[in-house]
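Peer 1: predicted model and sequence follow; I will ask about them next.
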Amino acid sequence: MWRFQTEVVRNMKKYRDKLGISQNKLSKMAEVTLHTITKIESGATLDPRIETLRKITGALNVGVDDLLK
């Protein structure tokens, strides 16, 4: 797994857990499919679209750069 991808996966889960929401709830809040969330968090998606990351970070109330730290 690329470092970028590892950071995104780890941080998505961290911020989702901090909010106490499921992948399904995040998908609804971000207006992306559950399949998309699952693929990103499992590492199956190597390069999520920036627009997808923006939707997810908006739902998590963090910046895109927070996923990359």
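Peer 2: That came through fine. No experiment lies behind these values; they were computed from the predicted model shown.
Peer 1: count the residues that sit near the nearest residue to Ile21 once chain neighbours are set aside.
Peer 2: Closest residue to Ile21 apart from its sequence neighbours, by Cβ to Cβ, 6 or more residues apart in numbering: Met29 at 7.3 Å. For the C-beta atoms, the positions are set from N, CA and C on the backbone; glycine is no exception. The number of residues packed near Met29 is 17, by other Cβ atoms under 10 Å.
Peer 1: close enough to count as contact, Met29 and Ala59?
Peer 2: Yes - look at Met29 against Ala59 with Cβ atoms under 8 Å: they come within range, at 3.8 Å.
Peer 1: helix or strand for Ala59, which one?
Peer 2: Ala59 belongs to helix 50-60 when assigned by DSSP states H and E.
Peer 1: list the buried residues in that helix.
Peer 2: The neighbour-count check on helix 50-60 (16 or more other Cβ atoms under 10 Å) flags Thr52, Leu53, Lys55, Ile56, Thr57, Ala59, Leu60 as buried.
Peer 1: what's downstream of it, the next helix or strand?
Peer 2: Note on helix 50-60: by DSSP H and E, the next helix or strand toward the C-terminus is helix 64-68.
Peer 1: what does that next one contact?
Peer 2: Applying Cβ atoms under 8 Å, 6 or more residues apart in numbering, the contact partners of helix 64-68 are Phe4, Glu7, Val8, Asn11, Met12, Tyr15, Ile50, Leu53, Arg54, Ile56, Thr57.
Peer 1: from Asp17, how far off is the residue nearest to Ile21?
Peer 2: Distance, Met29 to Asp17, by Cβ to Cβ, to the nearest Å: 14 Å.
Peer 1: mind checking the SS state of the most centrally placed residue in the chain?
Peer 2: In the chain, the C-alpha nearest the mean C-alpha coordinate belongs to Met12, at 4.2 Å (Cα atoms, centre = their mean). For Met12, the assignment made with DSSP: H, G, I helix; E, B strand; the rest coil gives helix.
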